[in-house]
Structure formats: C-alpha cells, structure tokens
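S.K.: What shape does this take:
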Amino acid sequence: MRKPREDFERCHRILRWHGQLHLRWVIALVVFAGTYVGLALGRLPVFRVDRTGVAIIGGTIVVVSDVVSWDRAVASVDAHTLVLLFGMMIVAAYLRLSGFFRLVTYAAVRRAHTRSACSSACRRHRI
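M.R.: Residues are numbered from 1 along each chain as shown. Model prediction:
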C-alpha cells in the first residue's frame with residue numbers, strides 16, 4: 001500500500017505536467033493566430049515587419065518556448081522546397097528588374113478599355 005505522501009507527489013507531478021502541456025497548447029494557439037493574422041495583413045506596421053519576418057518570429061517563438069523541439073523543427077525543413085522557393089524568388093526578382101511585369105501589365109491594360117474588361121482579360125489569359 002502506498003503512503004499518502006507518495007500519492008500527493010504523484011498527483012502533483014501529473015498536474016504540473018498537465019499544466020505545462022496546457023500552457024504549450026495556449027502558446028501554440030496564440031503564436032499560430034498571431035502569425036496567421038500577420039501573414040494575412042502582409043506586414044505589421046507597428047513593428048515594421050513583413051510576411052517573412054512574421055513567419056521567422058512565429059517560428060522562433062514556437063522553438064524558444066519549447067512547443068516544438070529544435071531537432072523536430074530542423075527535421076521538418078525540406079531542403080528541396082527551400083531550393084525551389086529560392087530559385088523562384090531569383091527568377092521573379094530578375095523579371096521585375098527587367099520590366100517584364102510592367103510590360104505584361106501595360107499590354108493587359110492596353111487591350112482592355114475598362115476596369116472590368118481588364119480584370120476579365122487578365123483572368124481569361126491568366127496574366
């Protein structure tokens with residue numbers, strides 16, 4: 001038969017673990033909601049942070065608060081996806097610098113004489 005002191009310590013450990021688990025869920029939910037709002041807005045003007053910064057801050061808070069362990073966070077990063085995104089960013093940057101997007105916008109506006117015709121032309125030709 002166990003002593004009352006052992007039962008008390010066991011219950012205390014379980015409640016402390018449950019409290020930490022609950023706190024992790026709350027932190028994860030708050031960080032997810034804040035990051036989602038920041039990504040939806042595009043930037044947080046008060047902090048002068050854009051979408052990339054919002055994502056980095058959200059990920060950092062999740063790892064620092066031990067909601068996700070460092071090893072699990074590193075294991076969840078896919079190098080192939082990062083290389084693909086980095087390559088697409090380079091191509092998009094060069095297209096912007098060369099004036100490609102302005103040229104396409106000018107061609108779409110020149111073809112359509114009204115605002116609704118311009119938006120439907122862009123949808124129809126997937127510009």
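
S.K.: Just give me the residue right at the centre of the protein.
M.R.: residue 55 (4.3 Å; Cα atoms, centre = their mean).

S.K.: Can you list the buried residues in whatever helix or strand it lives in?
M.R.: In the assignment (DSSP states H and E), residue 55 maps to helix 51-64. For helix 51-64, the neighbour count (16 or more other Cβ atoms under 10 Å) marks 54, 57, 58, 61, 62 as buried. C-betas here are computed from N, CA, C, even on glycine.

S.K.: Tell me the helices and strands packed up against that helix.
M.R.: Packed against helix 51-64 by the contact rule (3 or more Cβ pairs under 8 Å, 6 or more residues apart in numbering; DSSP states H and E) you find helix 4-41, strand 43-44, helix 70-75.

S.K.: Let's see that with 7 Å instead.
M.R.: On a contact count with 3 or more Cβ pairs under 7 Å, 6 or more residues apart in numbering; DSSP states H and E, helix 51-64 meets helix 4-41.

S.K.: Just the mean pLDDT for the helix it packs on, thanks.
M.R.: Per-residue pLDDT values across helix 4-41 average out to 74.

S.K.: same thing with stretch 103-110?
M.R.: 86.

S.K.: Would you mark the buried spots in that stretch?
M.R.: residue 108.

S.K.: can you dump the C-alpha coordinates of it into PDB?
M.R.: Backbone C-alpha positions of stretch 103-110 (Å, rounded to 0.1, in the frame of the first residue of the first chain) are rendered in PDB as follows:
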ATOM      1  CA  LEU A 103       5.200  45.100 -69.900                       C
ATOM      2  CA  VAL A 104       2.600  42.500 -69.200                       C
ATOM      3  CA  THR A 105       0.500  45.000 -67.200                       C
ATOM      4  CA  TYR A 106       0.700  47.600 -69.900                       C
ATOM      5  CA  ALA A 107      -0.300  45.000 -72.500                       C
ATOM      6  CA  ALA A 108      -3.300  43.900 -70.400                       C
ATOM      7  CA  VAL A 109      -4.500  47.500 -69.800                       C
ATOM      8  CA  ARG A 110      -4.000  48.400 -73.400                       C
END
